[in-house]
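A.B. asks: Take a look and give me a structure for this.
(3 chains)
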Amino acid sequence: MHPRLRKYIPILAVLLLVVVIQLIISASGANYYLTQLTMSAYYTLVILGLCLLMGYAGQISLGHAGFFAIGGYTSAVLTTVNLMAHADSSVMKTLQRLGMVFERQDLYGNTLLSFSPWLAFIAALLITVAIALIIGIPVIRLRGHYLAMATLGFGLIIYRIVLGTGFLGEADGITGVPAFPLFGLEVSGALSRRIPNYYIAWVLVLLGMLLAMNLIQSRVGRALRSIHGSEEAAQAMGIDTARYKLATFVLSAVFAAVGGIFLTHYNGSIGPSEVTGMKSVRYVAIVAVGGMDNLWGALLMSMVLNFLSLRGYFGSYDDAVFAAILLVIMLFFPDGLLRAPGLRNLTILRRRAVALFRTPKSQGAEDE
Amino acid sequence: MYAIIAIGFNIIYNTTGIINFAQGEFLILGGMIGISLSSFLPLPIAIAAAVIVTMGVGALIDFLFIRWLKGPSVLRLIVITIGVSILIRESMLHIWDEKVRTLRHFTGSEISSVKILGAYISPQVLWVLGISAVIVVALSLFFRLTLVGRAMRACSDNRTAARLCGIRASRMVTFSFMLSAAIGALAGCAISPLTQTQYNMGAPLAIKGFTVAILGGLGNSTAAVIAGLVLGLLEAFSIAVLPLAYIDAVSIAVLLVILFFRPSGMFGNREASALKEF
Amino acid sequence: MTKKLMVGIVVILVILSLFIGCKKKEEAKAPIKIGAILAVTGGASWLGAPEAKTLEMLLEETNAAGGIDGHPVELIIKDSQASAEKAISFTKQLIEEEQVLAIIGPSTSGESMAIKDICQEGQTILLSCAAAETIVDPVASYVFKTPQKDSYAAISIFKTMQEMGISKIGVVVGNTGFGNGGKAQLEKYAPEHGIEIAIAEVYDSGATDLTGVLTKLKARDVEAVVNWSIVPAQSIVPKNMRQLGMEVPLFQSHGFGNIKYVEAAGEAAEGIIFPCGRLLVADVLPADHPQKDLLVSYKSEYEARYGEDASTFGGHAYDAFIILKAAIEKAGSVEMAEVRDAIESLQGVVGTAGIFNMSASDHNGLGLDSFEMLTVEDGEFALLEQ
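C.D. replies: Below you'll find the model as predicted:
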């Protein structure tokens, strides 16, 4: 096989797994599992972005739920706003013809005129990038405690804004978010559409994975790893650390926003509970458990933990479980669960697998 | 009142270079214990007991989580203290359930008020201010005059040198946790009659406290007091100007502004803060 | 290399299929499954915890008495921690996996709105314990709610004000959906009762000191203050008012329905007036009041069993349960559509919040008379002498 294509094997393997799981689930009539699997997949997207930021660029972010919210809320607001009052203005009519605004029926037979989900999607992404840039530029200059506090503060401000603003639904959030039409399918929570939605979510996650993997193995990735290793050395080598860190920050924000947008359409709503400090801490905990710079570890852990949490296995101890996980990992396995000394056999297996999939040139850089 | 929390942060930071996110929980824990005990113990004893128990918890945190780490990165420590704070909060939830509770007022009752300079305030406010002042003074005396206090200061200035002089650094760390926990608990009891105590109030308090600490310059306790007043005034102004729901956002915005533009705070020294290490 | 990968995949598949294959669907016809999504812990635990306890208590009683219509009852309580996405996930779980007959809850309006459409599409009965008007307006055929209408609370307050000769008031509300909903209702019904709202302010529901806001009200010389919020502000406002030397009457919303809030406010709580279900004054109701027996027994059993005071919030879950029970008994079947129709046709069901009279256009069923004006005397709840 062409050496370049070898790296895609893990992705194809996971795709196969995803399909097989779905077939098993459907065959045994347990389609309801798909719901949690789909929701977890969208959270995983956020986690992948955070993993890039924390593991490769070395920047902790305790406020990533904020970007999730920016994406989700923007999309929600634009697709639920009712512009019927202006339906007869010429601006509206033009927009309608361009397909940017369209009429739809809601559950109670009311006709609404709202922005199309595609427009909302683009707008949400633009806003996310803008905010990420504005916040990112000062943030990347910070280190350690200050960085943690700044990102925490950012997440909290978003939370407060959402809680305090009328058109963002305040404490109740925004509901009635319509489906997102996607190439003939649609992203929505409709029970009849579960299987296509499951695949859409997973395709997005795998695309994100692909993007992340390509990034890591490109020049950008190598630059990031050198920054993570030692920032001064990297700067001495002429790498513009600030630019790379900023780019990673913005990219991870976009990942989070995309996850937010699609989950909002899937759930049909979004609320301030998606933006709490605990949510951000959860994301960090999951990245830490999977191994800060281990994309696959993050994916695995995210699926497992989110799935269990959404199914209520942790009951009232949900937050405590994540805190405990975080503590245990930080104390005993700072490099992530998959690199623990006790799991040596697995590590050897993994190393062998990695060795087989990587070309000899980049192997040295991978095994830090 | 925020100043007390900030001072708690400062103490631990000075000796260890760690920011203890669980500081807010100390306040609430102290308050909760005080409330539970005050139903069958006289108030002053209940408060004293609460302080002692919380100190024990502080020491426990150090033993369990901090002590035996070898050269941990700052990132790890931050995350650990966050995790600890969440665990404490969840345990409080399960031990004391979700209800809001109050401690009795130290003097007078809920409706007594004192007129000072034309403004009505509850006598409890005077208690809070008084206790804060006493704590600040006591602490500065402690650090300056007692052996232990000076040992702690030595640790914060230069760890290796302090060790050479025979000071056990790890013990200082434990002590700083205990001290922070103690003043946190005392403060928690003092403000409980005013703000009530619920298991999840720790985090917002911690954030405000951190803001004040940074504002004054991390590690500088007298500045923290001034910064506390500044923040309080800022909030009071905001109430008059902004829609109320955004008041909390104001203090966070202050935090972000400071972090972005002047991380060493109003009184801090730029280079000194950059050199701080664990 | 491909072999190792294949082995790995096969292993995972085998494990999964074992796990999933073992999960058989319960086709048992006898037990009635009821789901409950409540905020037992988390930010709305003052709602969810009493609701969960009430339901557990009722479950035991019902099963001990032979179940509903002969069917034993199974209750599945999920703790949503007031998080909408958890509520959504649990709803789908309950509808598809557990195939419950009905869902009681959620505790908060935000969550209820988030799952309203899902329940409607999934054609599962939802008996919400949350107060927002939008839950039943516009009406969705499968969605009902048990707490009283906010608008009736507002109207009750205004009627009392009219009797007291108050015409100029100040309004402060917390920034939750409940608070803002209350503000909207107050502003809507004030004019027709001749009340002028001189100033209305929204504050952060987690605020610990409200003297700033109240000073503004004092400056406007209002004749009464209306506070529409949840804990802890409900107890802080009265204290702050006293400290500021404000002597005007304080009205609160029906969210004040727990003696603990009175205790937290101490002496400052004396004289607070608020509309409420009659649960809290069950003992002083006249003996022939239709709700008396039910309220007294609920209150005493709850307090005996859990050692804490009953609150009106637990009552919402109580009402949901007995409505469901009455509907199943009336329909004589456990078919979803028939039970739903039965609920709509229920008349005169005595509950904790009032007497329910459902209809196709009214999925709440409580009228203005479900509210009683209460006040605080000597640290206890008492009927307001008109």
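
A.B. asks: Every contact and neighbour count from this point should use C-alpha atoms.
C.D. replies: Fine.

A.B. asks: My guess is C:Gly257 contacts C:Ile272. True?
C.D. replies: No - judged on C-alpha atoms under 8 Å, C:Gly257 makes no contact with C:Ile272 at a distance of 11.7 Å.

A.B. asks: Point me to the residue of the stretch 51-200 of chain C nearest chain A.
C.D. replies: C:Gly110 (3.8 Å; C-alpha to the nearest C-alpha).

A.B. asks: can I assume that residue is in contact with C:Gly177?
C.D. replies: Yes - C:Gly110 lies in contact with C:Gly177 (C-alpha under 8 Å); the separation is 7.5 Å.

A.B. asks: who's more crowded, the two?
C.D. replies: Counted by other C-alpha atoms under 10 Å in any protein chain shown, C:Gly110 and C:Gly177 do not tie: C:Gly110 has more neighbours, with 32 against 23.

A.B. asks: Could you tell me the per-residue confidence at the more buried one?
C.D. replies: We note a pLDDT of 78 for C:Gly110 in this prediction.

A.B. asks: same thing with the one 4 residues further on?
C.D. replies: The confidence metric pLDDT takes the value 81 at C:Ala114.

A.B. asks: try A:Ile239
C.D. replies: Note on A:Ile239: pLDDT of 66.

A.B. asks: and what of the one 3 residues further on?
C.D. replies: A:Ala242 is assigned 76 on the pLDDT scale.

A.B. asks: Could you measure from A:Arg160 over to C:Pro31?
C.D. replies: Shown here: A:Arg160 relative to C:Pro31, a distance of 45 Å by C-alpha to C-alpha, to the nearest Å.

A.B. asks: sorry, back to before: could you confirm the residue of the stretch 51-200 of chain C closest to chain A falls within a helix?
C.D. replies: Yes - under DSSP: H, G, I helix; E, B strand; the rest coil, C:Gly110 falls within a helix.

A.B. asks: pretty sure A:Tyr33 is touching A:Ile25, no?
C.D. replies: Yes - A:Tyr33 is within contact range of A:Ile25, at 7.4 Å (criterion: C-alpha under 8 Å).

A.B. asks: on that earlier part again, okay, A:Arg160 and C:Pro31: which has more neighbours?
C.D. replies: Higher neighbour count among A:Arg160 and C:Pro31: A:Arg160, with 24 against 16, using other C-alpha under 10 Å.

A.B. asks: what mean pLDDT does the one helix or strand that one maps to have?
C.D. replies: Using DSSP states H and E, A:Arg160 sits within helix A:144-164. Mean pLDDT, helix A:144-164: 79.

A.B. asks: What is the very next helix or strand once past that helix packed up against?
C.D. replies: Downstream of helix A:144-164, the next assigned helix or strand under DSSP H and E is strand A:174-175. In terms of contacts (3 or more C-alpha pairs under 8 Å, 6 or more residues apart in numbering or on different chains; DSSP states H and E), strand A:174-175 is packed against helix A:65-80, strand A:269-270.

A.B. asks: So which of these is nearest chain B?
C.D. replies: helix A:65-80 (13.8 Å).

A.B. asks: Just confirm yes or no for that closest one near chain B.
C.D. replies: No - applying C-alpha under 8 Å from any C-alpha of the partner chain, one finds helix A:65-80 separated from chain B by no less than 13.8 Å.

A.B. asks: Dump the C-alpha coordinates for that helix into PDB.
C.D. replies: Provided in PDB are the C-alpha atoms of helix A:65-80 (Å, rounded to 0.1, in the frame of the first residue of the first chain):
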ATOM      1  CA  ALA A  65     -17.600  25.300  26.700                       C
ATOM      2  CA  GLY A  66     -17.800  29.000  25.800                       C
ATOM      3  CA  PHE A  67     -17.000  28.400  22.200                       C
ATOM      4  CA  PHE A  68     -19.400  25.500  22.100                       C
ATOM      5  CA  ALA A  69     -22.000  27.900  23.300                       C
ATOM      6  CA  ILE A  70     -21.100  30.700  20.900                       C
ATOM      7  CA  GLY A  71     -21.500  28.300  18.000                       C
ATOM      8  CA  GLY A  72     -24.700  26.700  19.300                       C
ATOM      9  CA  TYR A  73     -26.400  29.800  20.500                       C
ATOM     10  CA  THR A  74     -25.700  31.800  17.300                       C
ATOM     11  CA  SER A  75     -27.100  29.100  15.200                       C
ATOM     12  CA  ALA A  76     -30.100  28.700  17.500                       C
ATOM     13  CA  VAL A  77     -30.900  32.400  17.600                       C
ATOM     14  CA  LEU A  78     -30.700  32.900  13.900                       C
ATOM     15  CA  THR A  79     -32.800  29.800  13.100                       C
ATOM     16  CA  THR A  80     -35.500  30.500  15.600                       C
END
